[in-house]
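Engineer: Below is the sequence, then the predicted model.
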Amino acid sequence: MNGLTTDGTVLSRRSFLGGGALVVGFSLFPGRLFAQAPQEPDGGTLPGVPKDLVKDPLLESWIRIDAEGRITVFTGKAELGQGIRTALVQVAAEELAVDPAAITLVTSDTGRTPDESYTAGSQSMQESGTAILHAAARVAGILRDLAAQRLGVPADRLRLGQGAVAAPDGRSLGYGELVAGGGLEGARAQPGTVLKDPAAYTVIGRDLPRVDIPPKVTGGTAYVQDMRLPGMVHARVVRPPSYGARIRSVDLSVAERMPGVVGTVRDGSYLAVVAEREWQAVTAARMLARTVAWDEREALPDRNDLFHHLQAMKSNERVIHDRRDDPAKAGGAVHRLEAEYRRGYQIHGSIGPSCAIGLFQDGVMTVWSHGQGMFPLRSAIAEMLRMDKAQVRCIHAEGSGCYGHNGADDAGADAALIARALPGRPVRVQWMREDEHCWEPFGSAMVAKARGGVDAQGRIVDYQYEVWSCPHSTRPGGAGALMPAWHLAEPFEPDAPKPIPQPAGGGDRNAIPLYALPNARIVHRFIPEMPLRTSALRALGGYMNVFALESFMDEMAEAAGADPVEFRLRHLEDPRARDVITRAAERFGWTEAANRLPPGHGRGFGFARYKNLAAYCAVAVEVAVERETGAARLVRAVAAIDSGQAVNPDGIRNQTEGGIIQSSSWTLMEQVSFDRTRITSRDWSGYPILRFDRIPDSVEVHVIDRPGQPYLGTGEAAQGPAAAAIANAVASAAGVRLRELPLTHDRIKATIGV
């Protein structure tokens, strides 16, 4: 079988297998090859082996060394802009004692890499990074043992470096020489693999330049949107104008007569046009859209009554935390507070609308997609096309903007549907801006109610919290998760959504405080029905819940007459949590800022441990509010983050800086608008995002490194704390508290009463 690489060159089976050298990591259908977990003699699962390595225990599913000593590392995770291509290479390079530049990394591809499901939840380093670290250490040990046999020197006297194993007398053998006879074949993960002492690290912990950045800033081929394959044609889909709309009539001939048009595709209410050139496809789709008559209905809630509507909808109540260490203390509260916090629907705001390429050739469907789970996408596309999963291959190609479940998977479904109608030619499907804004899954609107009691000593003695939310994950899965499959003549229905269980959680993510509270009860009210389509937006419910919790912490601190930072420390026992709060406050100059900020400026603080099990992050900010207009601007932000062992500190800073900027856009500007029938925020004028003239003057990030500690992930740690810090700073600057996101200038002005 021949296939196409991402640059369009033909890849033969022989060249893929490396000309007869040992291939580590290739399986066209890895699920078949790596079905067995490593077992102890009594049949139990081996302890001390990372779970992804347990799932795919053969070392050759993670690392390839060919006869020339070239090293390829495989990960089932995808590069989404979070910098894992750089960090994962660093991890492997450290244990294999080679320069990072000597390693090639292959990311999520159902024909080549391990199945690590989704790239989500800031878990790439926790899962794939840990697996690759252990796999590389095991490979290094095997290389040392092979060299010991060949050189007649005890393994513990040999040194690995720059692709070779060297003896004290100067003799050495290259990695390629050592494995040429199949030295790694069949080798498996095992417990007790010795990792390098963090004190000896030379690659992990370095600020290595990110390998994905150069093409992005030089106009190179960086994204799936940039890919061009030989013989490729272009497609545009004519979308329904609203949820549930169906075609009443259409005239396909109008588009089919236009220049360059290869043909049209119609299946029920699914409608697309294909042309030789992209602009031809755009103009033909616009012309075709004018001929369609749609049946529509009012199905959306009244936007002005959205939050009452959500609370009135049927919900599944689940008590996720109920602590009653000292009920008597609750009665000693001298300050009782109650507040309701709200968040409207928000979109991903991807700068590049979703895109995918499909190729149906020799009975095999190949899809290049920027979705976050190639293996789940493969299953969904196979079901939609009613094909055997073994005949579908999904290859990740980075997309220009996302973090969450945007339109990427749906675009992959588009590419597959249209490519099936045009065998032998790659079909590129590029969404238009209105496709992305109207049809991607949104971040759910949410409502939270908090009640608290503070005693005379300024300690929280009672805390009650309820949160209402629609689903935060409707990812593929099955074909029903793919929006194009809803519009087919034989449509697929979405599976009934389910809440994501604790401890990670979905709508209730970070709803349980990390603070030491003697009495606390947390209730999640999961709303299965979706008035608007929702799924994963970066940080899921953690963004809203941290905003609510940390805003309420400030309100309780004010009632207690306490400094907000000191009040948080008063209720924290976790030393790592205390460290990030203390570091952020000190570097911000928290105490001094109380007296030196100019009029109209305020300071704010926010903290969370993401999911209560990942990275710790604290953010202190300065915000300026113009009372006459209500406009708020984030002036300065200082953050401290503890992500465990820091593989690439600069990458952690990148992600935290980006998270703060993204959160400031969500918090100050972003909300979906709609009427009773349609989404109305169809473009950037209807859904404004943060522009360069409103970015902070400075964003400062301090990384607290924990050598030898587990990787905790970084990408979603800053969003919630930043939102809370901004809201608290707006309250400080304006003298009034806003509890509904986003904190737009109209809302601020109305609350101030100017």
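Structural biologist: Looks like it arrived, so ask away.
Engineer: Strands of the stretch 601-750 of the chain, residue ranges please.
Structural biologist: 601-609, 616-625, 632-642, 698-703, 740-741 (DSSP state E, counting those that start in this stretch).
Engineer: Determine which stretch of those strands is the most buried.
Structural biologist: Scoring the strands of the stretch 601-750 of the chain by mean neighbour count under mean count of other CB atoms under 10 Å gives strand 616-625 as the most buried, with a mean of 29. All C-beta spots, glycine's among them, are computed from the backbone N, C-alpha and C.
Engineer: Give the residue spans of this structure that score low on pLDDT.
Structural biologist: Scanning the chain with the threshold set as pLDDT under 70 gives 1-47.
Engineer: From the centre of it, point out the most distant residue.
Structural biologist: The centre of the chain is farthest from one residue, D169, which by CA atoms, centre = their mean lies 49.5 Å away.
Engineer: And it, how close does it get to W590?
Structural biologist: Plainly put, D169 is 60 Å away from W590 if you go by CB to CB, to the nearest Å.
Engineer: Dihedrals phi and psi, Y223?
Structural biologist: phi -130, psi 160 (degrees, to the nearest 10).
Engineer: That one and P353, how far apart?
Structural biologist: For Y223, the distance to P353 - CB to CB - is 11 Å.
Engineer: And these two? Which one has more around it.
Structural biologist: Neighbours per residue (other CB atoms under 10 Å) separate Y223 from P353, with P353 holding more: 21 against 18.
Engineer: tell me the contacts of that one?
Structural biologist: 407, 430-433, 435-436 (CB atoms under 8 Å, 6 or more residues apart in numbering).
Engineer: now those: which count as buried?
Structural biologist: Among those, the ones that count as buried by 16 or more other CB atoms under 10 Å are 407, 430-432, 435-436.
Engineer: Save these as CSV, and put in secondary structure and distance to V621 too.
Structural biologist: Below are the buried ones among the contacts of P353 laid out as CSV (DSSP: H, G, I helix; E, B strand; the rest coil; distance: CB to CB, whole Å):
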residue, secondary structure, distance to V621
G407, coil, 32
Q430, strand, 37
W431, coil, 34
M432, coil, 36
D435, helix, 35
E436, helix, 30
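Engineer: what phi and what psi does the backbone show at the nearest residue to R676 once chain neighbours are set aside?
Structural biologist: Of all residues not flanking R676 in the chain, E298 sits nearest, at 4.2 Å (CB to CB, 6 or more residues apart in numbering). E298 adopts backbone torsions of phi -80, psi 120, taken as degrees, to the nearest 10.
Engineer: distance of E298 from D675?
Structural biologist: E298 is 9 Å from D675, by CB to CB.
Engineer: which residues of the stretch 101-250 of the chain fall in helices?
Structural biologist: 124, 130-151, 175-179, 213-218 (DSSP state H, counting those that start in this stretch).
Engineer: Would you mind finding the most buried of those?
Structural biologist: Compared across the helices of the stretch 101-250 of the chain, helix 124 shows the largest average neighbour count, a mean of 28 (mean count of other CB under 10 Å).
Engineer: Against which helices or strands is it packed?
Structural biologist: Contact here means 3 or more CB pairs under 8 Å, 6 or more residues apart in numbering; DSSP states H and E; on that basis helix 124 packs against no helix or strand.
Engineer: please renumber so the chain begins at 8
Structural biologist: Done: numbering now begins at 8, and the last item shifts to helix 131.
Engineer: what distance separates that helix from the middle of the whole chain?
Structural biologist: 9 Å (CA atoms, centre = their mean, to the nearest Å).
Engineer: which outside residues touch it?
Structural biologist: Residues contacting helix 131 (CB under 8 Å, 6+ apart): 82, 84, 89, 91, 95, 720.
Engineer: if we can go back for a sec, can you put the helices of the stretch 108-257 of the chain in a markdown table and add distance to E283?
Structural biologist: Output for those, formatted as a markdown table (distance: least, CB to CB, whole Å):
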| stretch | distance to E283 |
| --- | --- |
| helix 131 | 39 |
| helix 137-158 | 43 |
| helix 182-186 | 46 |
| helix 220-225 | 27 |
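Engineer: where's the closest residue in space to R744 that isn't next to it in sequence relative to E664, distance?
Structural biologist: What sits nearest to R744 in space, not counting adjacent residues and going by CB to CB, 6+ apart, is A738, at 4.6 Å. For A738, the distance to E664 equals 24 Å [CB to CB].
Engineer: Which of those two has more residues huddled nearby?
Structural biologist: A738 (23 against 17).
Engineer: Which residues are in contact with that one?
Structural biologist: Contacts of A738 (CB under 8 Å, 6+ apart): 558, 561, 609, 611, 744-745.
Engineer: likewise H241?
Structural biologist: Contacts of H241 (CB under 8 Å, 6+ apart): 281-285, 287-288, 434-437.
Engineer: Select only the buried ones of these in ChimeraX?
Structural biologist: Buried residues within the contacts of H241, by 16+ other CB under 10 Å, are selected in ChimeraX with:
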select :281,282,285,287,288,434,435,436,437
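Engineer: looking at it, I70 is touching E102, isn't it?
Structural biologist: No: taking contacts as CB atoms under 8 Å, I70 lies outside contact range of E102: 9.8 Å.
Engineer: Quick check: neighbours shared by these two?
Structural biologist: Shared contacts of I70 and E102, defined by CB under 8 Å, 6+ apart, comprise 143, 146.
Engineer: For the closest residue to L524 other than its chain neighbours, grab phi and psi.
Structural biologist: Closest residue in space to L524, ignoring its immediate chain neighbours: Y470 at 5.1 Å, by CB to CB, 6+ apart. The phi/psi pair for Y470 (degrees, to the nearest 10) reads phi -150, psi 130.
Engineer: Beta-bridge partners for Y470, please?
Structural biologist: Beta bridges link Y470 to G459, A527 when assigned by DSSP bridges.
Engineer: Correct me if wrong: it contacts G459.
Structural biologist: Yes: here Y470 reaches G459: they are 5.1 Å apart, a contact under CB under 8 Å.
Engineer: More neighbours: these two, which one.
Structural biologist: Remark: of Y470 and G459, Y470 carries more neighbours, 26 against 23, as counted by other CB under 10 Å.
Engineer: who touches the more buried one in this structure?
Structural biologist: Residues in contact with Y470 (CB under 8 Å, 6+ apart) are 457-460, 520, 524, 526-528.
Engineer: Quick check: R435 is in a strand.
Structural biologist: Yes: the assignment for R435 (DSSP: H, G, I helix; E, B strand; the rest coil) places it in a strand.
Engineer: Please look at it and R243 and confirm they touch.
Structural biologist: No: in this structure R435 lies outside contact range of R243 using CB under 8 Å: 10.1 Å.
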